[in-house]
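S.K.: When you get a sec, could you give me coordinates for this:
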Amino acid sequence: MKSMSAGHDAAVIVVGGGHAGLEAALISARLGVETLLVTGDPERICTLACNPSIGGSAKGQIVREIDALGGAMARIIDRCELHVRFLNESKGPAVRALRAQADKAEYARLAVEMVRAQPGLRGRRHGRRPHRRGRRGRRRAH
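M.R.: As a prediction, the model looks like this:
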């Protein structure tokens, strides 16, 4: 991810590199607006939880709506899915849903790659490196 030096301004600043932050930053940059994505670690945006699934009854609807608006989440999962299945097939069409399991590391890597490739979008680390505590409870840098 490109770094923005202190002397440059951005018209839009997006705080947080989760799914919503990624989508907001990408769409802003695609509209031609200079955008800064501020996150704890620009190399780990869109890190999935311990259950790395995209879709399901509620989230699947959101993913489809984001995809219809040109979002990135569905395109990323299409490139790194490990397992896809339909849920609630024995029930009516209103409750059927698609869910995909993702390769966690690949999903985050593809998200970072997408940000790096987007003109007008720059990333920046927020804050200092985290500290660890030594045996006596004192904070020490890595």
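
S.K.: Which strands or helices does the strand or helix carrying Ile27 pack on?
M.R.: Assigned by DSSP states H and E, Ile27 belongs to helix 19-30. In terms of contacts (3 or more C-beta pairs under 8 Å, 6 or more residues apart in numbering; DSSP states H and E), helix 19-30 is packed against strand 12-15, strand 35-39, helix 73-80, helix 104-117, strand 121-125. Bear in mind the C-beta positions are built from the backbone N, C-alpha and C, glycine included.

S.K.: Restrict that helix to CA atoms and write it as CSV.
M.R.: Only the C-alpha atoms of helix 19-30 are listed here, as CSV (Å, rounded to 0.1, in the frame of the first residue of the first chain):
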residue,chain,number,x,y,z
HIS,A,19,-15.0,-4.8,5.1
ALA,A,20,-17.0,-1.6,5.3
GLY,A,21,-13.8,0.5,5.3
LEU,A,22,-12.4,-1.3,2.3
GLU,A,23,-15.7,-0.8,0.3
ALA,A,24,-15.9,2.9,1.3
ALA,A,25,-12.3,3.6,0.4
LEU,A,26,-12.5,1.8,-2.9
ILE,A,27,-15.7,3.5,-4.1
SER,A,28,-14.4,6.9,-3.1
ALA,A,29,-11.2,6.4,-5.0
ARG,A,30,-13.1,5.0,-8.0
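
S.K.: re the thing from before, of the helices and strands packed on helix 19-30, which stretch is the most buried?
M.R.: Comparing these by mean neighbour count (mean count of other C-beta atoms under 10 Å), strand 35-39 ranks first with a mean of 24.
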